[in-house]
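Colleague: pasting the sequence and the predicted model now:
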Amino acid sequence: MSANRKYKPLNRQTFSFGEYSIVPIRDEDKYDIMRWRNEQIYHLRQKEPLTREQQEAYFRNVVDKLFEREKPDQLLFSFLKNGKLIGYGGLVHIDWENHTAEVSFIMDTALEETEFEQNWQRFIHLLKKPAFDELGFHSVYVYAFDLRPHLYPALEKAGFQFTRRLKNEVQIEGKPVDVVIYHLYNDKPMKILFLGYPQSPLIDFLRSEGHEVTVMQDKINARFIEENQFDFIISYGYRHIIKEEVLNLLPGRVINLHISYLPYNRGADPNFWSFVDNTPKGVTIHLVDKGLDTGDILVQEKLSLSMDETLRSSYQKLQEAIQALFIKNWPDIRSGKIKPKPQKGKATYHRKKDKETLLQGLEDEYLDMKISDLLQRIKNRKS
């Protein structure tokens, strides 16, 4: 049975490096795993020693079913040296929408004293292949009770970064214990579809980071995305709606750069309407959803723009601001480190023809008029 086990989300099932490998968790390993877990129960989220009956039920009711699902909540592997089991672990609490997962790993208790760091590094090296290369996850993380200080150097040598300490998060034997969290981010170059301005300096920036960038201004569909196997889509000045069928292929990996302080001034001409409606001015990078500029916010920044500006000069400042915001935050955006936040507040929205109606007769001069003069002309016209 074990030899035929295959995880549906993975093309490859075995990942090797020298004499070490990980394979989908084998049924034959369940009793060794149970023994190690019972020996190391002090640092695990396990309240009491496991019995053979409990372990058999877990493999039958939980583990076996992982191989039936398109998107299981965990991918567990047996960790082997020359085909012999020396540990187990994998990706647990998988968040398929945000492309991240927790790393779980324990090794043969007998190896902890002599090969603790080495086996952690070997296992992580192998686990990065399904997590990053196959699944394209942005990051993985370790959530650990603060009971094994020797774990932290092992994680750091494996490329993890300390990201958070949760004070007195759990009670163990009646005493409060901290939890520490370490993250490992996917730094593999990506295949990016850039939708919009073909002369944007962000294209050169992304290419300088080692990414393969395809630039498009035409409409796209799901077939085009699948055929080209893009990892990420960036919309910046794109004039078409991105269809839901495309968003479903890359959940959490389609973003838009919008020159307004969302939720204000969704839609067309956000710079113009921020002055006309006297709403906050700024720039926003957000996830794309099936609405128009309604997706969850990744990062945004307010700007102060003078009434002595023109629409042309203020537009240029907004473009410079959003490009700087993107470059500053790109490492955290691509890794999934930023937690998206829903848009809050009363939204405003405008169509292209709304501005055209208001500026009829001023088409040749409105871009270079002082904002204060332009607003006065609009006010006089209304009265």
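Modeller: Yes, it's here.
Colleague: who touches the one helix or strand Gln118 maps to?
Modeller: In the assignment (DSSP states H and E), Gln118 maps to helix 112-128. The contact list for helix 112-128 (C-beta atoms under 8 Å, 6 or more residues apart in numbering) reads 15-17, 20-22, 77, 79, 86-87, 89-91, 103, 105, 107, 111, 140, 150-151, 153-155, 157-160, 184. Every C-beta, even on glycine, is put in place using the N, C-alpha and C of the backbone.
Colleague: and Val36, how many neighbours?
Modeller: You called it Val, but residue 36 is Trp. 22 (other C-beta atoms under 10 Å).
Colleague: my read: it touches Thr109, true?
Modeller: Yes. Under the criterion of C-beta atoms under 8 Å, Trp36 makes contact with Thr109 at 5.4 Å.
Colleague: helix or strand right after the longest helix along the chain?
Modeller: Longest helix in the chain, counting residues (DSSP state H): helix 311-335. On the C-terminal side of helix 311-335, the closest following helix or strand by DSSP H and E is strand 349-350.
Colleague: and that following strand, which strands flank it?
Modeller: Sheet pairing of strand 349-350 (DSSP bridges) gives strand 266-267 (parallel).
Colleague: what's in contact with the strand it pairs with?
Modeller: With contacts defined as C-beta under 8 Å, 6+ apart, strand 266-267 is touched by His258, Ser260, Leu292, Asp293, Thr294, Ala347, Thr348, Tyr349, His350, Arg351.
Colleague: list only buried entries from these.
Modeller: For these, a neighbour count by 16 or more other C-beta atoms under 10 Å gives the buried set as His258, Ser260, Asp293, Thr294, Thr348, Tyr349, His350.
Colleague: closest one to Lys302 out of those, please.
Modeller: Ser260 (10.7 Å; C-beta to C-beta).
Colleague: wouldn't Asp73 be in contact with His93 here?
Modeller: Yes. With contacts counted by C-beta under 8 Å, Asp73 reaches His93, the gap being 6.8 Å.
Colleague: which residues does Gly336 contact?
Modeller: Asn98, His99, Thr100, Phe137, His138, Ser139, Gly252.
Colleague: list the contacts for the third one?
Modeller: Meaning Thr100. Ile94, Phe137, His138, Ser139, Val140, Tyr141, Gly336.
Colleague: that one and Lys337, how far apart?
Modeller: 9 Å (C-beta to C-beta, to the nearest Å).
Colleague: tell me the strands beside the helix or strand harbouring Phe162, with direction?
Modeller: Take DSSP H and E as the rule and Phe162 turns out to sit in strand 161-172. Paired with strand 161-172 in the same sheet, following DSSP bridges, are strand 175-185 (antiparallel).
Colleague: so what's the residue count around Lys346?
Modeller: Lys346 is flanked by 7 other residues according to other C-beta under 10 Å.
Colleague: which residue sits closest to the residue positioned nearest the centre of the chain, ignoring its sequence neighbours?
Modeller: Nearest residue to the geometric centre of the chain (C-alpha atoms, centre = their mean): Gly336, 2.5 Å. Leaving aside its sequence neighbours, Gly336 sits nearest to His138 (C-beta to C-beta, 6 or more residues apart in numbering; 2.9 Å).
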